[in-house]
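Peer 1: sequence and predicted structure, then a few things I'm wondering about:
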Amino acid sequence: MVGIKYQIYAFSSDVVKSQEKFLSHTLNKGYNVPRFQYNVITTPRIKHSISEDLCVTPADKCYAIFCFADVDADAEDCIIEVNPDECIDDAVQTRSKFLQLYTTLNPTLETVEYDITTGHADGKNLQFPDKPANKLLGMGCLKPHPTSSKAAVDNESSSSSLSSAYELTGFVSFYPRVGSKLILQCEKFAKECLSATQVWITAIGEHELSGMYEKWGYKLVETVLVPLSAAGDVEDCHLENDIGASQDFHLDVMVKDL
């Protein structure tokens, strides 16, 4: 039976930087599902670079949690190949191929490995597995939430007394039950390794994702209107640059206490 393996890196890792093209395609593939279903957002999730479009700065304080199928090698006679390019294999095709590749995958059989860039005591120089497109079942990213920065400004006491909050972004999955396990691992890493007390999520309201996140314990804090400009794009402090949209839309801002 096949299990799953989490590999956790800081965005400052050379390994993550070397996988920029592959990871951009992976994120776009996942985000294209609601983008094409609802036709509200007209631009891909990654338009320029992962660091710019996910706003993961500073790189050494932002983290990527990857969920791989925990297999040593591909079968020699395997003829199924997942194409990382979202224009060739969309999320539906990728999911179908994974279900064929891993008929006995059990997401409850899990291990965790930390790259040296995370600062974890067990950190080591982690490399991506061979043929990562055939094994990457999902990913999530954590970046400091503005709540932490505001607390640091408002509170003059020692940093150890400050609450720490992170935002979950770049969250995609392509195999049943992996999403639920992955978000728990992101929260666990945030709490145990980053001393986080909260995880925040900002989602497009029209994509109807808040119900899913509520099942995972997140609570809606506010809904923010994002108006469409005359040029057909948006300018909002909550979002990255160069987002195109077909209409005004809303952001559901959610939080979970850890």
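Peer 2: Done, it's in. Numbers count the residues shown, from 1 in each chain.

Peer 1: remind me which residues of the stretch 151-258 of the chain are low pLDDT?
Peer 2: Along the stretch 151-258 of the chain, the parts satisfying pLDDT under 70 run over 151-163, 229-238.

Peer 1: all strands for it, in order.
Peer 2: Taking DSSP state E, counting those that start in this stretch as the test, the strands found in the stretch 151-258 of the chain are 165-173, 198-204, 219-226, 249-257.

Peer 1: please identify the most buried of those.
Peer 2: Most buried of the strands of the stretch 151-258 of the chain, by mean neighbour count (mean count of other CB atoms under 10 Å): strand 165-173, with a mean of 23. From N, CA and C alone the C-beta is placed, and that goes for glycine too.

Peer 1: show me what contacts Trp44?
Peer 2: Rather than Trp, residue 44 is Pro. Residues near Pro44 by CB atoms under 8 Å, 6 or more residues apart in numbering: Asn28, Tyr31, Asn32, Arg35, Glu86.

Peer 1: please report how far Ile8 lies from Gln19.
Peer 2: 14 Å (CB to CB, to the nearest Å).

Peer 1: same drill for the two, tell me which one is more crowded.
Peer 2: Legend: neighbour count by other CB atoms under 10 Å for Ile8 and Gln19, higher for Ile8 (23 against 20).

Peer 1: correct me, but the more buried one touches Val112?
Peer 2: Yes: with contact defined as CB atoms under 8 Å, Ile8 counts as touching Val112 (6.9 Å).

Peer 1: need the residues touching each of these two.
Peer 2: Residues touching both Ile8 and Val112 (CB under 8 Å, 6+ apart): there are none.

Peer 1: tell me which element Lys97 falls in.
Peer 2: Counting by DSSP states H and E, the element that carries Lys97 is helix 91-101.

Peer 1: which elements pack onto that helix?
Peer 2: Helices and strands touching helix 91-101, by 3 or more CB pairs under 8 Å, 6 or more residues apart in numbering; DSSP states H and E, are helix 20-38.
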